[in-house]
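A.B. asks: Sequence and predicted structure are below.
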Amino acid sequence: EALRKAWGKEAPSSFDKITAFRSSDIRRATPMASDINRFLMELENSIFHFYKNFLREIGYPGPVSAMNLGKAFRHAASRKDFDFIAMNGYHAHPNGFSSSNGGSGVISQESSIGNAGNLIRGFASMRRYRTPYMVTEHLHVFWNKYRYEQAFVTGGYSAFQDFDGLTGFGSNITLNAYVTLSPFMLGNDPIAKTQEFLTALLFLRRDVSPGRHLVRLALNSDEILRSNAAMEGISSAQGKVILTSRFAYSCDLRTPPGKDEIVIGRSGGAGIILDAWYNTLMESKNTLFNLDRFLQDLRKKGALPAGNLSSETRGIYETETGELLMDTRRNFLRIRTPRLQGICAEAGASAKLPDFEIRKMTTRGNLALASIDGTRPIREARRLLLVVATNVLNSGMKFEDPEQRFLLKLGSTPLLLETGQFELAFTNRHADSLKAYALAMDGKRIAELPLHVRGSRVELSLDTAAIPNGPALYFEFQTTGKAMP
């Protein structure tokens, strides 16, 4: 009787006739769906405590987490007791990949900038307020041609969001010679290695500064369970706040806004693509949240600078610090910090940053200049490193389509680097004493390159296909003599 009163027409005639729950049962705004989600939420939390108690019994005293995949609001509520939040995710996770019979599978060739950082938005949407947060698996997966975006999108925004840990997956280090590339083998992919290097600077060295203001999404578990949003993730409009401001959620927490905090409520949601190995937020317009109006409110409150260029209408998002700017319509992302400056862009792009200028690039890629001289900025450094990351494929790879989504044959070594012509310039007070070298993947100098110097301005023309003993992805600039006054 109580069950019929609670569930109405959805109630079975007796408890004995309650069937196994279906996916559709938890995606409705009904009392039955609410009760099922509440049961699952309590079960997820109790499983965490079961494992934590066991770890304590065997002597492990450290922090414990679980459920490092789900990005739905119910999962956010289930994690209420976790010591820290861990999250996994991938850009362009392949489907049906197999290395047998020569290789096969399907992958997206979408840009992670073109989709407005869907991966990093999913990560940051599950950051719990005042709780340690780690990304325990991430990768822009081979053979996606935009792998060069990984360091700027995942590494750069993780630093801006002030995450506590970031781990690429997998097989990061290898002592063996290069073998045929395949997905999830970082140590064997030259492009993945460039991105790990740049991430070490952007995130671990903290070249990118964390945002000062925090936007907190205040969730209420009862509201989530009563609505049909329990298995939805953050809406696209609210999620893109992550590209401008630090972000975290709280659930059932009656805490007033702290200093430099703005609290907002949930508005709409987004569906989630579920897979056995990953899940991804779907783009959605199911919200009353007007992002451009909210961004303007942030400017009025001083939480964004008055000149911040962010605009949902134009697909441009600039962080509060001004260090990262994403232009989704051009697949363009620039980073400008004192110690590292560069762009991810399509062929034909150009950019003038404070100390680094890209005048010409004939192929898409990541062009980044970094100081490798302690805390000295680019303009003061005695040693700098230029990264030119494009794309690498196996010899003999075969695809069903020109977009290279459907793999027919994985190929083999030697690995093939996409080359191009680049015209670059940068400012450095030691310009007249700098020498330039192309580097092998192990850091050995393989060729000295000519520089053109005009005062404190250094100009370099690169044809990566014509480098002696090349090609190369890394280029070193090192002082040899007396510095300019």
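C.D. replies: That came in fine, so what should we check first?
A.B. asks: Please count neighbours and contacts with C-alpha atoms only from this point.
C.D. replies: Will do.
A.B. asks: quick one: the residue nearest to residue 219 when sequence neighbours are not counted from residue 303, how far?
C.D. replies: Excluding the flanking residues, the one nearest residue 219 by C-alpha to C-alpha, 6 or more residues apart in numbering is residue 251, at 4.5 Å. Residue 251 sits 23 Å away from residue 303, going by C-alpha to C-alpha, to the nearest Å.
A.B. asks: quick one, which of the two is more surrounded?
C.D. replies: residue 303 (22 against 19; other C-alpha atoms under 10 Å).
A.B. asks: For the nearest residue to residue 310 once chain neighbours are set aside, give me phi and psi.
C.D. replies: Counting by C-alpha to C-alpha, 6+ apart, residue 310 lies nearest to residue 317, which is 4.2 Å off, once chain neighbours are set aside. The phi/psi pair for residue 317 (degrees, to the nearest 10) reads phi -140, psi 120.
A.B. asks: count of residues packed around residue 317?
C.D. replies: Neighbour number of residue 317 under other C-alpha under 10 Å is 25.
A.B. asks: Quick check: it vs residue 401, distance?
C.D. replies: Using C-alpha to C-alpha, one gets 33 Å for the distance from residue 317 to residue 401.
A.B. asks: Find the residue at the geometric middle of the protein.
C.D. replies: Centroid-nearest residue in the chain, with C-alpha atoms, centre = their mean: residue 154, separated by 2.5 Å.
A.B. asks: Tally up the residues packed near the nearest residue to it once chain neighbours are set aside, please.
C.D. replies: What sits nearest to residue 154 in space, not counting adjacent residues and going by C-alpha to C-alpha, 6+ apart, is residue 120, at 5.9 Å. Counted with other C-alpha under 10 Å, residues neighbouring residue 120 total 26.
A.B. asks: so residue 120 is in which element?
C.D. replies: Per DSSP states H and E: residue 120 is located in helix 118-125.
A.B. asks: starting at the chain centroid, how far to the longest helix seen in the chain?
C.D. replies: Longest helix of the chain, by residue count under DSSP state H: helix 31-57. With C-alpha atoms, centre = their mean, to the nearest Å as the basis, helix 31-57 stands 29 Å off its chain's centre.
A.B. asks: what about the helices in this structure?
C.D. replies: Using DSSP H, helices in the chain cover 2-7, 31-57, 73-78, 118-125, 150, 157-161, 190-199, 221-226, 236-239, 291-301.
A.B. asks: among those helices, which gets the worst mean confidence?
C.D. replies: Of all the helices of the chain, mean pLDDT reaches its minimum on helix 2-7 (a mean of 83).
A.B. asks: quick one: buried residues of it?
C.D. replies: Under the neighbour-count criterion of 16 or more other C-alpha atoms under 10 Å, helix 2-7 has residue 7 buried.
A.B. asks: Could you do stretch 220-233 as well?
C.D. replies: 220-221, 224-233.
A.B. asks: now for those, which pair is the farthest apart?
C.D. replies: 226 and 233 (15.4 Å; C-alpha to C-alpha).
A.B. asks: For this protein, name the helix or strand with the lowest mean pLDDT.
C.D. replies: In the chain, no helix or strand scores lower on mean pLDDT, DSSP states H and E than strand 272-274, which sits at a mean of 52.
A.B. asks: Excluding chain neighbours, what is closest to residue 71?
C.D. replies: Using C-alpha to C-alpha, 6+ apart and skipping residues adjacent in sequence, the residue nearest residue 71 is residue 233, 5.8 Å away.
A.B. asks: Show me what the one you found is bridged to.
C.D. replies: residue 270 (DSSP bridges).
A.B. asks: State the distance from residue 108 to residue 256.
C.D. replies: Distance from residue 108 to residue 256, by C-alpha to C-alpha: 42 Å.
A.B. asks: My error: substitute residue 308 in the last question.
C.D. replies: Per C-alpha to C-alpha, residue 308 is found 27 Å from residue 256.
A.B. asks: For the protein, give me the ranges with low pLDDT.
C.D. replies: 269-287, 481-485 (pLDDT under 70).
A.B. asks: switch to 50 and redo it
C.D. replies: 483-485 (pLDDT under 50).
A.B. asks: Relative to residue 360, how far out is the residue nearest to residue 310?
C.D. replies: 24 Å.
A.B. asks: and what of residue 105?
C.D. replies: For residue 105, the distance to residue 360 - C-alpha to C-alpha - is 35 Å.
A.B. asks: pretty sure residue 210 is touching residue 156, no?
C.D. replies: No. Using C-alpha atoms under 8 Å, residue 210 is not in contact with residue 156, being 9.8 Å away.
A.B. asks: Neighbour count: these two, which is higher?
C.D. replies: Set side by side, residue 210 and residue 156 show more neighbours around residue 156, with 27 against 22, by other C-alpha under 10 Å.
A.B. asks: check contacts around the nearest residue in space to the more buried one that is not next to it in sequence.
C.D. replies: In this structure, residue 156 finds its nearest non-sequential neighbour in residue 202, 5.7 Å apart by C-alpha to C-alpha, 6+ apart. By C-alpha atoms under 8 Å, 6 or more residues apart in numbering, the contact set of residue 202 is 151-152, 155-156, 159, 208, 340.
A.B. asks: wait, residue 455 sits on residue 433?
C.D. replies: No. Assessed by C-alpha under 8 Å, residue 455 is found out of contact with residue 433, at 11.0 Å.
A.B. asks: between the two, who's got more neighbours?
C.D. replies: More crowded of residue 455 and residue 433, by other C-alpha under 10 Å: residue 433, with 16 against 13.
A.B. asks: so how far is residue 450 from that one?
C.D. replies: Distance of residue 433 to residue 450, computed by C-alpha to C-alpha: 12 Å.
A.B. asks: Surely residue 355 touches residue 379?
C.D. replies: Yes. Between residue 355 and residue 379 a contact is recorded at 6.6 Å, counting by C-alpha under 8 Å.
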